[in-house]
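**Q** structure for the following, please:
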Amino acid sequence: MINKEELQDEMGDDHIASSANNPVREDAFDITDDEKIEKIKKDVENILLTLGMDLTDDSMKGTPNRVAKMFVKEIFGGLNPERKPKASTFDNNYKYGEMLVEKNITLYSTCEHHLLPIIGRAHVAYISNGRVIGLSKMNRIVEYYSKRPQVQERLTMQIVQELQRALGTEDVACVIDAKHLCVNSRGISDIESSTVTSEFGGKFKEPQARREFLDYIKLDTKF
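**A** Numbering: from 1, shown residues only. Modelled structure (predicted):
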């Protein structure tokens, strides 16, 4: 009979998400970023000492502080709603009614199971129903939701849902092709494999629009 700890390990190794939303506690922002950095700094220091590292060495002295700042302000900065980009939209005055595709958006995220990097590309598209969004805002939305402990399926859905809210249309699609270092560098250690996820909304559920989008991004994966 499998016990709870073994089940949790199995879920993590199989990269199974337990929630469609990031599992963030209600009191997550009761303390400031600076307070979080100080707490994490001590925790990282304890981990390194437990592993046997000499933190008096010049190379290691600043590591706990560097890691703490990186966690709070960089790789997990997307947890803080204050960092959410303003997705300003504008009237589609030039009446462009075809598909707009932003492809090859560089994506850096972190697997929530082992806290190892997810590195890949996001391809995002929408069809305007009267509103348009700045191209760089699409990149910023991808970046914001990436900067969290994530699973790729959830990230793909969050990008689409945020653009749907901003643009007021269901006609949004996203495909992500990424490598997970928790697969590539540990466990099965398969350095060649990558993971492809997709979310298609509105007109992109129709085969013709979906095929056109996939042709634009030159992805041969069948959906």
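
**Q** list the strands paired with the strand ranked longest in the chain, with their directions.
**A** For the chain, the strand that runs over the most residues, judged by DSSP state E, is strand 99-111. Strand 99-111 pairs in its sheet with strand 117-127 (antiparallel), strand 149-150 (parallel), by DSSP bridges.

**Q** can you give me the buried ones in the longest one?
**A** If I follow you right, that is strand 117-127. Going by neighbour count (16 or more other Cβ atoms under 10 Å), the buried part of strand 117-127 is Pro117, Ile118, Gly120, Arg121, Ala122, His123, Val124, Ala125, Tyr126, Ile127. Quick note: C-beta positions are derived from backbone N, CA and C, even for glycine.

**Q** residue contacts, the closest residue in space to the last one that isn't next to it in sequence?
**A** What it means is Ile127. Using Cβ to Cβ, 6 or more residues apart in numbering and skipping the chain neighbours, the partner closest in space to Ile127 is Asp171 (4.0 Å). Counting by Cβ atoms under 8 Å, 6 or more residues apart in numbering, Asp171 makes contact with Tyr126, Ile127, Asn129, Gly201, Gly202, Lys203, Phe204.

**Q** the fifth one and Tyr145, how far apart?
**A** This means Gly202. Using Cβ to Cβ, to the nearest Å, Gly202 is found at 20 Å from Tyr145.

**Q** between those two, who's got more neighbours?
**A** Per other Cβ atoms under 10 Å, whichever of Gly202 and Tyr145 has more neighbours is Tyr145, with 23 against 17.

**Q** centroid residue for the chain?
**A** Centroid-nearest residue in the chain: Ser146, 2.4 Å away (criterion: Cα atoms, centre = their mean).

**Q** how much space between the closest residue to Tyr145 other than its chain neighbours and Ala20?
**A** With Cβ to Cβ, 6+ apart as the criterion, Tyr145 has its nearest non-adjacent residue at 4.4 Å, and that residue is Gln158. According to Cβ to Cβ, Gln158 and Ala20 sit 9 Å apart.

**Q** these two - which one has more neighbours?
**A** Between Gln158 and Ala20, counting by other Cβ under 10 Å, Gln158 is the more crowded of the two (23 against 11).

**Q** now do the contacts for the residue nearest to Ser128 when sequence neighbours are not counted.
**A** Spatial nearest neighbour of Ser128, chain neighbours left out: Asn92 (4.7 Å); criterion: Cβ to Cβ, 6+ apart. Residues counted as contacts of Asn92 (Cβ under 8 Å, 6+ apart) are Ser128, Gly130, Arg131, Val132.
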